[in-house]
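below is the sequence, then the predicted model.
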Amino acid sequence: MKPTLTNIKISKLWHGWIGIGSLPDGKKILIKGWALPGSVVDVKVVKKRKDFIEAHIIDTKHYDPHFADGDIFCPHYFIPKGVSEINAGTAKIGCGGCKRQIMSYERQLELKQHLVKEAFKKINSKLKAEGKQEISFLPIIGSPLTQAYRNKIEFSFGVYKQQSEAYREWQKHNTSTSETSNPYPANLPQYTIDNARGCGFHKQGEFSKIVDVDTCGLISEKANQIFQTIKKLCLKSGLPVYDQKTHQGFFRHLVLREGVNTWELMVNLSVSLANLDEKQIKIWEALLEQLKTDSFWREEITTFVLTHNEGLADTVKNEQSETKVCWGEGVIYEILNFSR
């Protein structure tokens, strides 16, 4: 069993958002995870080296309120243990993206500015010693959009473990408590369905599973509406989702691209026909016809593209894939606007 270190204070961040802590003897600890300056954490030692230790965060005891000053806007934000002092308030499974929603955008820019300066610290020290002018830095220009700024997103179909209502309630009230001190009752089921079908993002560290999501705060309201509707139609059809382990299933990916200034939207649905029997093919043909003839889809979706991917890899540009345009040009256009 790998050793743990408790109550380690993160003094600053290094490149790659790695936290820097230290032992009482001064030996440095490089900390991966949800590292923020000023945080007090418990860590698991991964590697011991001559001059430093590599570790991962296993629990957060305290956040510096100067850095933990953001508003969590997504119900799928992954809540690490020890955030009872943060107003998270969600019990859904986290997707693992947008790791620093607990920080305001202004604070994120502040840290990024610090990381850039740290990257040039040795060079500036050398220039200073040589009596030369040090490299100076202009402030980072922040984006006017902090949410709904992505114009492309890819969702994956797959299986996931559906949490029971009892487990979600327990998790909601035990985000800052270790599982050993307040374990989940053994007589209550943790999952209602072990292999539920869903559509979302690949689970971090376990690519064959997905984290089922309802919405994403990084895309527009229109894109979220399209995602939710197509996801519901596909799953309601009863056709199987693709399994990365067995390489069986039909629905693989759903890709959305949006022209922010043109209001055009492309949908690319990736499927694998080779895994369907005759009855399932008829179900699919009926669903596809529904999509092609529905006036709502024609109005909201500029172009609908269908990709048949029969390869094992997720990449669609291979000898075993074919792309067909169901309607529209198969492309969308965007206008670059530099006046904002």
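The structure has been received and is ready for your questions.

what about the strands in the protein?
4-9, 12-14, 18-22, 28-32, 40-48, 52-62, 152-163, 191-203, 206-212, 251-258, 265-271, 303-309, 321-327 (DSSP state E).

the ones you listed: which one's closest to residue 127?
Minimum separation from residue 127 across those (C-beta to C-beta) falls at strand 12-14, 21.0 Å. (Glycine included, C-beta is placed from N, CA and C.)

mind putting the strands of the chain in CSV, mean pLDDT, mean neighbour count and distance to residue 72 included?
Compiled in CSV, the strands of the chain are given as follows (pLDDT from 0 to 100; neighbours: other C-beta atoms under 10 Å; distance: least, C-beta to C-beta, whole Å):
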stretch, mean pLDDT, mean neighbour count, distance to residue 72
strand 4-9, 91, 15, 24
strand 12-14, 86, 17, 20
strand 18-22, 92, 19, 20
strand 28-32, 92, 19, 21
strand 40-48, 90, 17, 19
strand 52-62, 87, 19, 15
strand 152-163, 84, 20, 19
strand 191-203, 76, 17, 17
strand 206-212, 80, 18, 16
strand 251-258, 95, 21, 24
strand 265-271, 95, 21, 27
strand 303-309, 93, 19, 34
strand 321-327, 88, 14, 38
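
I'd like those strands as CSV, with distance to residue 142 appended.
Shown next, in CSV, are the strands of the chain (distance: least, C-beta to C-beta, whole Å):
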stretch, distance to residue 142
strand 4-9, 29
strand 12-14, 19
strand 18-22, 23
strand 28-32, 26
strand 40-48, 28
strand 52-62, 27
strand 152-163, 21
strand 191-203, 26
strand 206-212, 29
strand 251-258, 22
strand 265-271, 27
strand 303-309, 33
strand 321-327, 37
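
which stretch among the ones you listed comes nearest residue 131?
strand 12-14 (28.1 Å).

could you chop this protein up by domain?
Here the domain parsing of the chain from automatic domain parsing is 4-62, 152-327.

let's have the ones you listed in a markdown table, adding distance to residue 102.
Shown next, in a markdown table, are the domains of the chain (distance: least, C-beta to C-beta, whole Å):
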| stretch | distance to residue 102 |
| --- | --- |
| domain 4-62 | 8 |
| domain 152-327 | 13 |
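
gap between residue 257 and residue 128?
48 Å (C-beta to C-beta, to the nearest Å).

quick one: contacts of stretch 215-230?
73-76, 97-98, 147-150, 153, 155, 214, 254, 256, 258, 260, 265, 267, 269, 300-301 (C-beta atoms under 8 Å, 6 or more residues apart in numbering).

mind listing what's buried along that stretch?
For stretch 215-230, a neighbour-count test (16 or more other C-beta atoms under 10 Å) marks 216-220, 223-224, 226-227, 230 as buried.

in helices, which of these fall?
Filtering these for membership in helices, criterion DSSP state H, returns 223-224, 226-227, 230.

my understanding was that residue 119 contacts residue 15; is that so?
Yes. The pair residue 119 and residue 15 passes the contact test of C-beta atoms under 8 Å, sitting 5.9 Å apart.

pull up the overlap in contacts between those two.
With C-beta under 8 Å, 6+ apart, residue 119 and residue 15 have no common neighbours.

now stretch 231-250, how far from the centre of its chain.
Taking C-alpha atoms, centre = their mean, to the nearest Å, one finds stretch 231-250 lying 21 Å from the centre of the chain it belongs to.

same check on stretch 130-144?
31 Å.

same check, this time on stretch 16-26
With C-alpha atoms, centre = their mean, you get 26 Å for stretch 16-26.

put the alpha carbons of that stretch into PDB.
Listed next in PDB are the C-alpha coordinates belonging to stretch 16-26 (Å, rounded to 0.1, in the frame of the first residue of the first chain):
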ATOM      1  CA  GLY A  16       0.800  21.700 -15.800                       C
ATOM      2  CA  TRP A  17      -1.200  23.000 -12.800                       C
ATOM      3  CA  ILE A  18       1.000  20.900 -10.500                       C
ATOM      4  CA  GLY A  19       0.900  22.000  -6.900                       C
ATOM      5  CA  ILE A  20       4.100  22.500  -4.900                       C
ATOM      6  CA  GLY A  21       4.200  21.500  -1.300                       C
ATOM      7  CA  SER A  22       7.000  20.500   1.100                       C
ATOM      8  CA  LEU A  23       7.800  18.300   4.000                       C
ATOM      9  CA  PRO A  24       9.100  19.700   7.400                       C
ATOM     10  CA  ASP A  25      12.700  19.000   6.200                       C
ATOM     11  CA  GLY A  26      12.100  21.100   3.100                       C
END
